[in-house]
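*Asks:* Need a 3D model of the sequence below.
(chains A, B, C and D)
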Protein chains: 2
Amino acid sequence: MSNISKEDYLRVIYKGLEDSEIVSPSMVAEHLNISNAAVTDMLRKLTKEKYVSYEPYRGIQLLQKGRSEAIKIVRRHRIWETFLFKVVGLPWYQIDEEAENLEHSSSDELIDRLEMILGYPDFDPHGHPIPKRNGKIPKQNKSFPLAKLNAGETACIQKVNDYNKELLKYLYESKLMIGNRLKVIEKRKFDDTLVIQIDKKQLIISEKISKNIFVEKIK
Amino acid sequence: MSNISKEDYLRVIYKGLEDSEIVSPSMVAEHLNISNAAVTDMLRKLTKEKYVSYEPYRGIQLLQKGRSEAIKIVRRHRIWETFLFKVVGLPWYQIDEEAENLEHSSSDELIDRLEMILGYPDFDPHGHPIPKRNGKIPKQNKSFPLAKLNAGETACIQKVNDYNKELLKYLYESKLMIGNRLKVIEKRKFDDTLVIQIDKKQLIISEKISKNIFVEKIK
DNA sequence: AATAATATTTAAGCGCGCTTAAATTTAAAT
DNA sequence: ATTTAAATTTAAGCGCGCTTAAATATTATT
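*Replies:* Take a look at the predicted model:
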């Protein structure tokens, strides 16, 4: 991988904060595939320039400047993902990778046009909200990892983590996609492996996968 | 401007060779807005890696490796330009700038899909041929700069140089676009300023502009 | 409370693509 | 042929984002 920019750091930090309270340097390093030392370096710069605040072992926080910058980048990323999926027709599991490259090379005007062509969508193909031009973020129902569902419960897939292409490919092939409904048949005590029913087929899902799928309960 | 890559150098060299026999380091420097010394540096690398051959004051030549690489980049660039114009709807004078950024961030698969969506066009919106996936380049009729046309002659605009956004904007506003027909009413001896007729209106065009417009004679 | 494991920072260094200023080469003009 | 102008290269240096290895700080374990 070539050069990682400030934008990548901010995106990863922002996405990290979407899921968990605390985002540590090592998490960032892992997502960007770089060394911890590199993250320390960049955090110093981002701190100096008031993008983030940071205390060792207490996690990274986005300051106003960093948050609004990150939202712009996430907006670009998710609009590209949606466009690549709906208009260009790239496969569901490939759009994240491609958008990651394009997001750094697009003017605001281009992004706005893509958004218009798409009809101002609220969510991207992986179920994540697309920030609006003014920074507003579409609201989503409360959701939780599929891993926490119990036997007998039914739910609907709201979003999935797109950290890993292989995971996405697996989900795609198993039809574990946004909006689909599923039911937990069995939850194995020891390793939290789930047996679920989706689309009239049964599927066995490890905890490593199910924790990346976020669902809403169905009343 | 941030970092210029090998790809930019190769694209500029290739495009330079489309128009003139000799491409010098200083021409490259000017087009990329960097110093001559930077070009010297990069030429050393490109020569060492067998992309180009080069003799001072005799111009830069593309070797096989460099030529095929350059063709790929030009292909990406021109497909993006066409897509941005026809599908996204960005203005004619803005697509070059935008494509210059996107061309470095696109997989071959993405480019191939865009090309398919466009219906495998032979030429981009500025009239330049789009190399095919296999490297083949659509043939064009012989053309020459509008500046060389004489009073009374009629011609058709085949392509325009897209080096400069302001130039393109001017051409756009004057309807000096691809395929349009024009007639030279008068050619002023001293400075080669042209008076032309296009679309029933008369236009006065300096030599600095007319040398960037390439036309075909109409029989 | 002492020790082990983990997270983070520091230090030194590297490759890249750029810069400016000075030196050199080639081409053009007289 | 000599001078002048223009193009090119060399030299020194810089900022960036990365690396690895070693040092240090925090948290977890016993």
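
*Asks:* List the buried residues for stretch A:33-50?
*Replies:* For stretch A:33-50, the buried set under the neighbour-count rule, 16 or more other CB atoms under 10 Å in any protein chain shown, comprises A:34, A:39, A:42, A:43, A:46. C-beta coordinates here come from the backbone N, C-alpha and C atoms, glycine included.

*Asks:* Just name the closest of those residues to DNA strand D, please.
*Replies:* Nearest to DNA strand D among the buried residues of stretch A:33-50: residue A:34, at 3.9 Å, using CB to the nearest atom of the strand.

*Asks:* Okay, residue A:43 and chain B: tell me how far apart.
*Replies:* According to CB to the nearest CB, to the nearest Å, residue A:43 stands 21 Å off from chain B.

*Asks:* Actually, residue A:76.
*Replies:* 12 Å.

*Asks:* Just give the number of residues close to residue A:150.
*Replies:* By the measure other CB atoms under 10 Å in any protein chain shown, the count of residues near residue A:150 is 8.

*Asks:* on that earlier part again, tell me the one among the buried residues of stretch A:33-50 nearest to residue B:75.
*Replies:* residue A:34 (31.6 Å; CB to CB).

*Asks:* Identify the residue nearest the closest one in space, chain neighbours excluded?
*Replies:* residue A:4 (6.3 Å; CB to CB, 6 or more residues apart in numbering or on different chains).

*Asks:* May I have the secondary structure class of the one you found?
*Replies:* Under DSSP: H, G, I helix; E, B strand; the rest coil, residue A:4 falls in the coil class.

*Asks:* wait, what's in contact with it?
*Replies:* By CB atoms under 8 Å, 6 or more residues apart in numbering or on different chains, residue A:4 lies in contact with A:32, A:34, A:38.

*Asks:* how close does it sit to chain B?
*Replies:* Taking CB to the nearest CB as the measure, residue A:4 falls 13 Å from chain B.

*Asks:* do the same with residue A:47
*Replies:* Counting by CB to the nearest CB - residue A:47 and chain B are separated by 22 Å.

*Asks:* tell me which element the residue lying closest to that residue once chain neighbours are set aside is part of?
*Replies:* Using CB to CB, 6+ apart and skipping residues adjacent in sequence, the residue nearest residue A:47 is residue A:54, 5.5 Å away. Secondary structure from DSSP states H and E places residue A:54 in strand A:52-55.

*Asks:* From the contact counts, what lies against that strand?
*Replies:* helix A:36-48, strand A:59-62 (3 or more CB pairs under 8 Å, 6 or more residues apart in numbering or on different chains; DSSP states H and E).

*Asks:* any chance of these in a markdown table, plus mean pLDDT and distance to residue B:96?
*Replies:* Formatted as a markdown table, the helices and strands packed on strand A:52-55 follow (pLDDT from 0 to 100; distance: least, CB to CB, whole Å):
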| stretch | mean pLDDT | distance to residue B:96 |
| --- | --- | --- |
| helix A:36-48 | 96 | 33 |
| strand A:59-62 | 96 | 35 |
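
*Asks:* How far does the longest helix anywhere in chain A sit from its chain's centre?
*Replies:* If you go by DSSP state H, chain A has its longest helix at helix A:64-83. Helix A:64-83 has its C-alpha centroid displaced from the chain centroid by 12 Å (CA atoms, centre = their mean, to the nearest Å).

*Asks:* Give me the residues contacting it.
*Replies:* A:7, A:10-11, A:13-15, A:46, A:49-52, A:62, A:95-96, A:98-100, A:102-103, A:106, A:111, A:114-115, A:117-118, A:121, A:124-126, A:128-133, A:135, A:137.

*Asks:* how about it: buried residues?
*Replies:* Applying 16+ other CB under 10 Å to helix A:64-83 flags A:66-67, A:69-83 as buried.

*Asks:* Now do it and helix A:36-48, the angle between them.
*Replies:* With axes from the mean of the first three to the mean of the last three CA atoms, to 10 degrees defining the directions, helix A:64-83 sits at 120 degrees from helix A:36-48.

*Asks:* how about the next helix or strand after helix A:64-83 against DNA strand D, any contact?
*Replies:* Next along the chain after helix A:64-83, taking DSSP H and E as the criterion, comes helix A:95-102. No. Against DNA strand D, helix A:95-102 shows no contacts by CB under 7 Å from any atom of the strand, the least distance being 13.0 Å.

*Asks:* related to what we said a few turns ago, just the buried ones among the contacts of helix A:64-83, please.
*Replies:* Buried members of the contacts of helix A:64-83, scored by 16+ other CB under 10 Å, are A:7, A:10-11, A:13-15, A:46, A:51-52, A:62, A:95-96, A:98-100, A:102-103, A:106, A:111, A:114-115, A:117-118, A:121, A:124-126, A:128-131.

*Asks:* tell me the domain ranges of chain A?
*Replies:* Per automatic domain parsing, the structural domains of chain A span A:6-62, A:72-140, A:144-217.

*Asks:* what about these, which gets the closest to residue B:176?
*Replies:* domain A:72-140 (23.6 Å).

*Asks:* show me the contacts for the most centrally placed residue in chain A.
*Replies:* Nearest to the mean C-alpha position of chain A, counting by CA atoms, centre = their mean, stands residue A:161 at 4.6 Å. By CB under 8 Å, 6+ apart, the contact set of residue A:161 is A:19, A:126, A:167, A:212, A:213, A:214.

*Asks:* For stretch A:107-120, give the mean pLDDT please.
*Replies:* Averaging pLDDT along stretch A:107-120 yields 98.
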